[in-house]
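In: 3D model of this:
(2 chains)
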Amino acid sequence: MLRTEINELLTQTGPGTKMGDLFRRYWQPVLLAEELPENDCPPVRVKILSERLIAFRDSEGRYGLMDEFCAHRGVSLWFGRNEEGGLRCPYHGWKYDYTGQAIEVPSEPETSNFCANVKLKSYPMVKRGDVLWAYLGDPEKQPPLPEWEFVTVPEGQAFTSKRLQECNWLQALEGGIDSSHVTFLHSGNLDSDPLFKGSKGNQYNKGDLKPFFEVVDYEGGLLIGARRNAEEGHYYWRVTPWVLPNFTMVPPRGDHPVHGHFWVPIDDENCWAWSFDYHPVRQLTEAEVEAMRAGLGVHSANDESYRPLANKDNDYLMDREAQRRGETYSGIKGIALQDSSLQESMGPIVDRTKERLVATDAGIIKARQKLRKAALALAEHGTEPVGNRPEDQKVRSVAIVLPADQSFVEGIGEAMVARPGVPQTTV
Amino acid sequence: MPKVVYVDSAGEERVVDASVGESVMSAAVRSGVPGIIGECGGCISCGTCHVWVREEYLDRVGDVGDMEDDLLDLAVSDRRRGSRLSCQIEMTPALDGLTVDVPDEQVV
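Out: Residues are numbered from 1 along each chain as shown, chains lettered A, B, ... in the order given. Predicted coordinates:
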């Protein structure tokens, strides 16, 4: 159960909200680099944290992210002409550079200084890895650029995708934190998905339906340990890091690439589920990349606007026969859609006053409390949140078998620290 | 057997004999005291056994735990100085007469 006012605090991220202000202290993924593939390519609409923006790449390759609407009379600059160092409104030819500064208002006399005084709201946007990142907060508080391992490994070692999820961001995040559902919802995929199958850990995962959860604090957020029975005198631990506000990683399986997510609010009733896969020490194979492109693993098959082809309008292509045959637990194909189908089914913003939490929800309770405290501390005392410092971001998920008498924090040691050239700790 | 006194919002008292080692939540649920649900059975995950411990007993009922503290912040209707999850108070002979106020509603 969560009190109404706290549910509202955590789920509302528009301008001027407390959680919105918290999000505006972090670099957030806004576009795949492939969406702005070359200089002077078509501009792209961006909606993030309930702000409507336009993104473009100018003639010199500089990225601009600014108010979607022309300062003149509010035309969407998605219709704009991206040419000769700026984005030009097609209505009356007003032109803006990548900082949102108007550089031409052609109808004005040449002696006029009018355009010098016109500037659209704009935000810095940078490319790191395959992702364009934006910072929507106070320029004086801008944190260092993102240092997540999936954007810092050498080229060819990472793959990133995104998909639209039609519910509030917190519902999606909470799915990323709650690993007890894997044993049920995703059980069919552990044996069949080429990006999951074949690991020893899968046997432990499927062999113990009652994982014990232990949640511990760490500098950037939480480490959520799920303990399952292994061989005599040993436990299999899956350790999921959550970094404030919206980054989670899935514990690895065998030598498969490691994966994780960002859950980015579009508005209060929609979010982008970002999914990445990377291997810390080797290139992804062609077969792996092909599987990821096809929507396997944590990815999904999407239309051109990154909405999954299986979505709520077609009941996610529910296949009850496959469910009966035991191929899928829920009847929905693919891990990403298994999650999003259920999270969207809760409604755009689930009423958490009606929920009935159990012991395996410990990570969710802790994460809500950390988010609440961080948002209130920022609002009331200006306290800088954690998670936006490079040291908080050099983190990895871990899968490990430990002696029964050893705590997981002690047992994993440095394994949860992302270190260049060092392989992931996995079973 | 140490006694626990549960007081509802109308001031009505219900006195329950608790076993030593039993939680204040469990004694209430076993005796059908209205207003204390204890849905998760004492796992500190539901927040439905909230009570306000009377001032004079506060120094005897032990400290609020970490997870309990989170749930008191997130899930209870009106957190006050005496707020506790009653599943986290274990009865001892020294707590005989422990008096707690029970909220009208556990679920907001």
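
In: so the residue of the stretch 201-350 of chain A found nearest chain B is in which element?
Out: For the stretch 201-350 of chain A and chain B, the shortest gap (Cβ to the nearest Cβ) falls at A:Val215, measuring 8.4 Å. For the C-beta atoms, the positions are set from N, CA and C on the backbone; glycine is no exception. Element membership for A:Val215 (DSSP states H and E) is strand A:212-218.

In: contacts for stretch B:19-29?
Out: Residues outside stretch B:19-29 that contact it (Cβ atoms under 8 Å, 6 or more residues apart in numbering or on different chains) are B:1-2, B:4, B:6, B:16-18, B:36-38, B:42, B:49, B:51, B:85-93, B:98, B:100, B:102.

In: Endpoint to endpoint, it covers what distance?
Out: 13 Å (Cα to Cα, to the nearest Å).

In: quick one: it to chain centroid distance?
Out: Mean-position distance between stretch B:19-29 and its chain equals 9 Å (Cα atoms, centre = their mean, to the nearest Å).

In: Next, the buried residues of it.
Out: B:22-29 (16 or more other Cβ atoms under 10 Å in any protein chain shown).

In: residue closest to the middle of chain B?
Out: In chain B, the centroid-proximal residue (Cα atoms, centre = their mean) is B:Ser86; its distance is 2.7 Å.

In: ok, now which ones touch it?
Out: Contacts of B:Ser86 were listed using Cβ under 8 Å, 6+ apart, and they are B:23-25, B:28, B:36, B:38, B:49-51, B:100.

In: tell me which of the residues you listed is nearest to chain A?
Out: Distance ranking of those against chain A, using Cβ to the nearest Cβ, places B:His50 first at 10.3 Å.

In: what's the pLDDT at the closest one?
Out: Looking at B:His50, its pLDDT is 95.

In: what does A:Met416 give?
Out: 95.

In: Same question for B:Gly41.
Out: Looking at B:Gly41, its pLDDT is 88.

In: Quick check, pLDDT for the spatially closest residue to it that is not a sequence neighbour.
Out: Once flanking residues are discounted, B:Gly41 sits nearest to B:Cys87: 7.9 Å by Cβ to Cβ, 6 or more residues apart in numbering or on different chains. Per-residue confidence (pLDDT) for B:Cys87: 96.

In: what's the neighbour count on B:Cys87?
Out: Other residues lying near B:Cys87 total 25 when counted by other Cβ atoms under 10 Å in any protein chain shown.

In: quick check, it in a helix?
Out: Yes. Counting by DSSP: H, G, I helix; E, B strand; the rest coil, B:Cys87 falls inside a helix.

In: hmm, back to that, partner strands of the strand holding A:Val215, with direction?
Out: Strand A:212-218 pairs in its sheet with strand A:221-229 (antiparallel), by DSSP bridges.

In: Show me which positions of the partner strand end up buried.
Out: Going by neighbour count (16+ other Cβ under 10 Å), the buried part of strand A:221-229 is A:221-228.

In: ok, so of those residues, who is nearest B:Ala10?
Out: Nearest to B:Ala10, judged by Cβ to Cβ, of those is A:Leu222 at 41.8 Å.

In: closest to A:Asn189 among the contacts of B:Ser86?
Out: B:Gly38 (36.6 Å).

In: what separates that closest one from B:Tyr6, distance-wise?
Out: Taking Cβ to Cβ, to the nearest Å as the measure, B:Gly38 falls 13 Å from B:Tyr6.

In: which of the two has more neighbours?
Out: Higher neighbour count among B:Gly38 and B:Tyr6: B:Tyr6, with 24 against 20, using other Cβ under 10 Å.

In: The helix or strand harbouring the more buried one pairs with which strands?
Out: Using DSSP H and E, B:Tyr6 maps to strand B:3-7. Sheet pairing for strand B:3-7, assigned by DSSP bridges, gives strand B:13-17 (antiparallel), strand B:98-101 (parallel).

In: can you list those strands in JSON lines and add mean pLDDT and mean neighbour count?
Out: As requested, the strands paired with strand B:3-7 are arranged in JSON lines below (pLDDT from 0 to 100; neighbours: other Cβ atoms under 10 Å in any protein chain shown):
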{"stretch": "strand B:13-17", "mean pLDDT": "97", "mean neighbour count": "14"}
{"stretch": "strand B:98-101", "mean pLDDT": "97", "mean neighbour count": "21"}
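
In: As TSV, those strands with distance to A:Pro403 would be great.
Out: Below are these laid out as TSV (distance: least, Cβ to Cβ, whole Å):
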stretch	distance to A:Pro403
strand B:13-17	43
strand B:98-101	41
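
In: For chain B, what lies in contact range of chain A?
Out: Residues of chain B found near chain A (Cβ under 8 Å from any Cβ of the partner chain) are B:39-40, B:43-48, B:67, B:70-71, B:73-77, B:107-108.

In: filter those residues to the buried ones?
Out: B:39-40, B:44-48, B:67, B:70-71, B:73-76, B:108.

In: Could you check the angle the helix or strand where B:Ala28 lies makes with strand B:3-7?
Out: Per DSSP H and E, B:Ala28 falls inside helix B:24-31. Per axes from the mean of the first three to the mean of the last three Cα atoms, to 10 degrees, the angle that helix B:24-31 makes with strand B:3-7 is 80 degrees.

In: On the C-terminal side of helix B:24-31, identify the next helix or strand.
Out: Reading on from helix B:24-31 to the C-terminus, the next helix or strand found by DSSP H and E is strand B:50-53.

In: check contacts around the nearest residue to B:Tyr57 once chain neighbours are set aside.
Out: Of all residues not flanking B:Tyr57 in the chain, B:Leu98 sits nearest, at 5.2 Å (Cβ to Cβ, 6+ apart). The contact partners of B:Leu98, by Cβ under 8 Å, 6+ apart, come to B:2-5, B:24, B:53-54, B:57, B:60-61, B:89, B:91.

In: same thing but at 10 Å, please
Out: Neighbour list for B:Leu98: B:2-6, B:18, B:24, B:27, B:51, B:53-54, B:56-57, B:60-61, B:86, B:89, B:91-92 [criterion: Cβ atoms under 10 Å, 6 or more residues apart in numbering or on different chains].
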